[in-house]
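>>> Sequence first, predicted model second:
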Amino acid sequence: MVLRNRNRMQKEKEANNESEQEAKMAAIELGHLKKFVLRIPSLYFCSIRLTAACTQSCMQCSIPAQSDGSFIDLQHFETILKKLKQHGSKRITLTGGEPAIHPQLEEIFRLLAKYEFTNTALLTNLYYPEELQDKVIDLVCKYEIGINTSYDGFAGIADKLRGATDVQKIVERGMLKINEARSKCVYSHRPTATAVISQLNMHQIPDVIQRIKALDWNLNIDVYRYSSDNHREQDKMKIKNKDDLLCLLPLIQQAQHLKTPLWYFEGWQKQKQKQCPYMISPTFGSKFFVHENGDIYTCLHESLGNLLHDEIKDIFASDQWKAAKAQFAQCPGCWNTCYTISSRALSYLHLGTIRQYLQKDKTLHRTAEVPQ
Ligand SMILES: C[S@@+](CC[C@H](N)C(=O)[O-])C[C@H]1O[C@@H](n2cnc3c(N)ncnc32)[C@H](O)[C@@H]1O
Ligand code: SF4
Ligand code: SF4
């Protein structure tokens with residue numbers, strides 16, 4: 001009798017928890033609708049920087065130079081996640097510097113899992129000792145986190161661009177280990193490799209595309225830019241002749257598992273029009289970046305506020321947000337994968353892009369070799 005009562009109480013408690021959860025989710029969805037009407041960002045896509053410290057020193061990047069050697073504090077990380085979840089964030093990307101060198105990576109992943117975001121990813125250069133690669137791979141398998149790795153070129157070019165030695169060898173070792181986990185079906189995500197095209201690696205891009213295909217990874221294509229405090233202006237990396245870039249287009253457009261939408265590449269050929277996500281689709285298209293001290297940024301240099309001290313609703317009612325909106329309106333525009341591709345939903349009604357995304361993922365667990 002006592003046992004039956006206890007079971008009944010347990011079931012009632014579970015049912016209450018479920019309906020509480022459903023009510024919370026419904027409130028968040030209703031909140032999205034309200035934000036959409038009021039044009040308030042939902043922080044749908046949000047990157048959290050775990051540290052600015054890094055294992056590489058890339059020619060194009062100034063993030064490691066911003067590092068004071070600190071890593072995000074676990075409690076602070078949880079406060080940030082809690083606020084983002086309550087506000088309606090869906091996709092969280094962990095970035096750096098090199099996020100994998102955070103000394104409490106498993107606790108970070110555990111917290112991420114606790115808040116049940118729809119989609120989570122780790123942006124990592126994979127350039128670290130084998131033991132850390134093994135640990136990172138075990139953890140992304142255990143917590144089902146997507147992996148996105150930089151892959152800009154081969155041999156001396158890779159070393160020069162990434163300011164390190166044996167980059168190709170070390171990064172490919174990690175990529176093959178990830179493929180091993182995929183072949184054993186312990187990792188179900190298809191990882192993504194991002195190649196940043198510059199004057200220095202252009203000639204290697206056709207082979208980079210081939211190599212990513214052999215690995216059976218997704219491919220992101222970006223172009224070197226120097227538009228924010230995170231970038232370093234390097235004359236040697238600037239593309240001298242736009243036609244050389246356009247020559248690569250057919251190869252890129254036909255690449256297997258290309259993630260970057262095809263319509264974006266048309267902007268390279270045609271006169272680029274300003275497509276600012278913060279203006280066109282502030283609720284669902286705009287991206288935000290939280291630093292390890294809690295400061296939150298858009299594409300602009302100034303922080304909007306601090307997620308450890310401020311409430312998100314207050315940030316979007318603040319003078320800083322009003323000032324940022326005035327800056328978005330005055331900006332002459334950008335055309336880059338970070339911002340442009342999330343700007344206009346209508347752009348995706350492009351036949352080539354629809355076909356691109358409808359392609360079936362038939363080979364998700366295929367083991368692929370790296371060609372020598
Ligand atoms: C800042 S990194 C952080 C994650 C990790 N450290 C890595 O490199 O993969 C994220 C991406 O930004 C890219 N990036 C850095 N500086 C850039 C620039 N000036 N232009 C275009 N992409 C850049 C990197 O190559 C990398 O793919
Ligand atoms: S691009 Fe990534 S790997 Fe390179 S220095 Fe910047 S943060 Fe580090
Ligand atoms: S750089 Fe300009 S166009 Fe691009 S996202 Fe920022 S404000 Fe918008």
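It's in. Numbering: from 1, shown residues only. Ligands and ions are numbered 1, 2, ... in the order given.

>>> quick one, what contacts the closest residue to ligand 2 within the stretch 151-300 of the chain?
For the stretch 151-300 of the chain and ligand 2, the shortest gap (CB to the nearest ligand atom) falls at Arg162, measuring 6.0 Å. Backbone N, C-alpha and C define where each C-beta goes, glycine included. Residues in contact with Arg162 (CB atoms under 8 Å, 6 or more residues apart in numbering) are Gln56, Ser57, Cys58, Met59, Asn125, Tyr127, Ser150, Asp152.

>>> 10 Å - rerun?
For Arg162, the contact set (CB atoms under 10 Å, 6 or more residues apart in numbering) comprises 54-61, 125, 127, 150-153, 168, 170-171.

>>> ok, now Leu94?
Contact analysis of Leu94 by CB under 10 Å, 6+ apart lists 47-50, 72, 77, 100, 102, 105, 108-109, 112, 120-124, 145, 148.

>>> Buried ones only from the residues you listed, please, as a ChimeraX command.
The buried subset of these, as determined by 16 or more other CB atoms under 10 Å, is captured in ChimeraX by this line:
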select :47,48,49,50,72,77,100,102,105,108,109,112,120,121,122,123,124,145,148
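
>>> What parts of the chain come near ligand 2?
Counting by CB under 6 Å from any ligand atom, the residues of the chain close to ligand 2 are Cys54, Gln56, Ser57, Cys58, Cys61, Ile63, Pro64, Gly96, Gly97, Glu98, Asn125.

>>> Counting neighbours, which bits of stretch 330-337 end up buried?
For stretch 330-337, by 16+ other CB under 10 Å, it's Cys334, Trp335, Thr337.

>>> Contacts only, for the second one.
Each residue near Trp335 by CB under 10 Å, 6+ apart is listed here: Val223, Arg225, Tyr264, Gly267, Trp268, Lys272, Gln273, Lys274, Gln275, Ile341, Ser343.

>>> Measure how buried the residue nearest to Thr192 when sequence neighbours are not counted is and give me the count.
Nearest non-adjacent residue to Thr192, counting by CB to CB, 6 or more residues apart in numbering: Asn218, 4.0 Å away. Number of residues near Asn218 (other CB atoms under 10 Å) recorded here: 21.

>>> and what of Leu111?
The number of residues packed near Leu111 is 18, by other CB under 10 Å.

>>> ok, it touching Gln104?
Yes. The pair Leu111 / Gln104 is scored as a contact, 9.5 Å apart, by CB atoms under 10 Å.

>>> Mutual contacts of the two, please.
Counting by CB under 10 Å, 6+ apart, the common neighbours of Leu111 and Gln104 are Leu74, Phe77.

>>> and the nearest residue to Asp207 once chain neighbours are set aside, what are its phi and psi?
Distances taken as CB to CB, 6+ apart place Phe154 nearest to Asp207, at 6.7 Å, with adjacent residues excluded. With angles defined as degrees, to the nearest 10, Phe154 sits at phi -120, psi 160.
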